[in-house]
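**Q** let's see this in three dimensions:
(one chain, ligands or ions: 1)
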Amino acid sequence: MLTTHIRQGVHWVGYVDWNIRDFHSYDTHQGTTYNAYLILDERPALIDTVKAPYAAQLLHSIGSLIDPAQVQYIVCNHAEPDHSGALPELLRQMPAATVLCNKKCAAALAGHFDTGRWKIQLVGTGEQVSLGRRTLRFIDTPMVHWPESMCTYLPEEELLLSMDAFGQHFATSERFDDELPLDILLYEAKAYYANIIMPYGSAVAKALDALAGLSLRTIAPSHGVVWRSHVDKILAAYRDWAACRPAAKVLVLYDTMWESTAAMAEAIAQGASQPGVSVQLIHVRRTSLTRLATEVLDAACLALGSPALHREMMPAMAAALAYLQALRPPDRTALAFGSYGWGKGGADTIQQWIATMPWQVLREPIRCQYRPGKDTLEECRAAGRLLAERALAAAAASLQQT
Ligand code: FEO
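**A** Residues are numbered from 1 along each chain as shown. This next block holds a predicted model:
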């Protein structure tokens, strides 16, 4: 189906990218969609566009509803090229169209495209543009997740066009949240949040405050399905994620060379497996960074293990830590562990890295030379039990704050 009716006079005209598997390092194992929305009114408006290679498909979808040349406005909520890439071609086919965007977005667009001849009308929070029967109202949401990020609200339809916020990298033929299993959608929304938006939690909280006064019947993001039956659930989830609220969950992330660090990781996971505590054991070389970040979002405690390699750590663990440093989840408790042979590194290098994060260190690193013996494995189990205690306490404290 080229288009889908979303609300009265509002149609999805986006593009489903079924086979994309790498979205600038995001593991898009389910593909994605680039959502654009056409509002048919006295002055038709298009909300956002698609990646440049899919401009023709977007024009074809619009053309099934209206002559594209009749479009009067193109709202650019976000300048990232997966939503703005088709603008140059669209503006060639829509000579009457004015681009509506905020000042930072106009600057970002000028950095990407030759915008010299574009008609651009700057808008900002609280400003409105009438389409005739419907109104576009703009709400700046800076740093969710770029400086110019903005949402557009249609009060007559109680519809929020939310750009990346509330999105999911999820290619489907369905367009609505009640047409697919909710747990899958929430997991994909969580993955999206963790990998794209996690570092900007305070900005997200401000954006949620700005949206709190709106009557919201439908939220239509720029990726994935439209929320119409579970608006309350995705808003509540964003509140939790914005606060990086910890669950009683222990993640054991490790790499291993000759299975010694793997045995230590298993022992830590055994110790952490206490009633009420969720434990996950993740081999970082066999797991995408995307999934790893998704699990980190709500894990109260992390155990990070690597054997020594050339006095450092294994490269996959170094990549995982570099990614976590960028995402910077706050208030975790962490443990370093690992084996070594003829040279130190591994656990000690990880311990130094933990000290650079806004985290608590559980204890000194657990190290073993060559193979972990009975005592080392018991030390790992004891540390796992301590992590479980910390995770339960962090989750309980977080619940009290709600
Ligand atoms: Fe979907 Fe930040 O672009």
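**Q** now name the helix or strand holding Asp82.
**A** helix 81-84 (DSSP states H and E).
**Q** C-terminal to that helix, what's the next element?
**A** Where DSSP H and E defines the elements, the next helix or strand beyond helix 81-84 is helix 87-93.
**Q** which outside residues touch that following helix?
**A** Helix 87-93 has contacts (CB atoms under 8 Å, 6 or more residues apart in numbering) with 46, 49, 52, 55-56, 58-59, 68-69, 74, 76, 97, 99, 109, 113-114, 118. Using the backbone N, CA and C atoms, a C-beta is placed for each residue, glycine as well.
**Q** now with 10 Å, please.
**A** If you take CB atoms under 10 Å, 6 or more residues apart in numbering as the criterion, helix 87-93 is touched by 36, 46, 48-50, 52, 54-56, 58-59, 62-63, 67-69, 71, 74, 76, 79, 81, 84, 86, 94, 97-99, 101, 109, 112-115, 117-119.
**Q** in the stretch 201-350 of the chain, what residue comes closest to the ligand?
**A** Ser222 (5.3 Å; CB to the nearest ligand atom).
**Q** just the chain next, same as before
**A** With CB to the nearest ligand atom, the shortest gap between the chain and the ligand falls at Glu80, namely 3.6 Å.
**Q** could you count how many residues lie near that residue?
**A** Per other CB atoms under 10 Å, the neighbour tally for Glu80 reads 20.
**Q** now Ala210: how far from Thr125?
**A** 8 Å (CB to CB, to the nearest Å).
**Q** who touches both of those two?
**A** 139-141, 151.
**Q** distance to Trp353, neighbour count and secondary structure added to those, as TSV?
**A** As requested, these are arranged in TSV below (distance: CB to CB, whole Å; neighbours: other CB atoms under 10 Å; DSSP: H, G, I helix; E, B strand; the rest coil):
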residue	distance to Trp353	neighbour count	secondary structure
Ile139	38	20	strand
Asp140	36	22	strand
Thr141	32	26	coil
Cys151	36	27	strand
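**Q** among the residues you listed, which two are most distant?
**A** Spatial extent of these (CB to CB) is set by the pair Asp140 and Cys151 at 8.3 Å.
**Q** okay, and the common contacts of the two?
**A** Common contact partners of Asp140 and Cys151 (CB under 10 Å, 6+ apart): 77, 125, 207, 210.
**Q** which parts of the helix or strand where the last one lies are buried?
**A** It stands for Ala210. If you go by DSSP H and E, Ala210 is part of helix 201-211. Within helix 201-211, the residues that qualify as buried are 201, 203-204, 206-208, 211, counting by 16 or more other CB atoms under 10 Å.
**Q** check stretch 65-74 too.
**A** In stretch 65-74, counting by 16+ other CB under 10 Å, buried: 68, 71-74.
**Q** same check, this time on stretch 99-109
**A** Neighbour counts over stretch 99-109 (16+ other CB under 10 Å) mark 99-102, 104-106, 108-109 as buried.
**Q** could you list the domains of this structure?
**A** 4-242, 250-391 (automatic domain parsing).
**Q** show me what from the chain comes close to the ligand.
**A** Within the chain, the positions near the ligand by CB under 6 Å from any ligand atom are 78, 80, 82-83, 145, 164, 222-223.
**Q** apply 5 Å and report the result again.
**A** Residues of the chain found near the ligand (CB under 5 Å from any ligand atom) are 80, 82, 164.
**Q** and Ile66, what does it touch?
**A** Contacts for Ile66 (CB under 10 Å, 6+ apart) come out as 11, 13, 38, 40, 44, 46.
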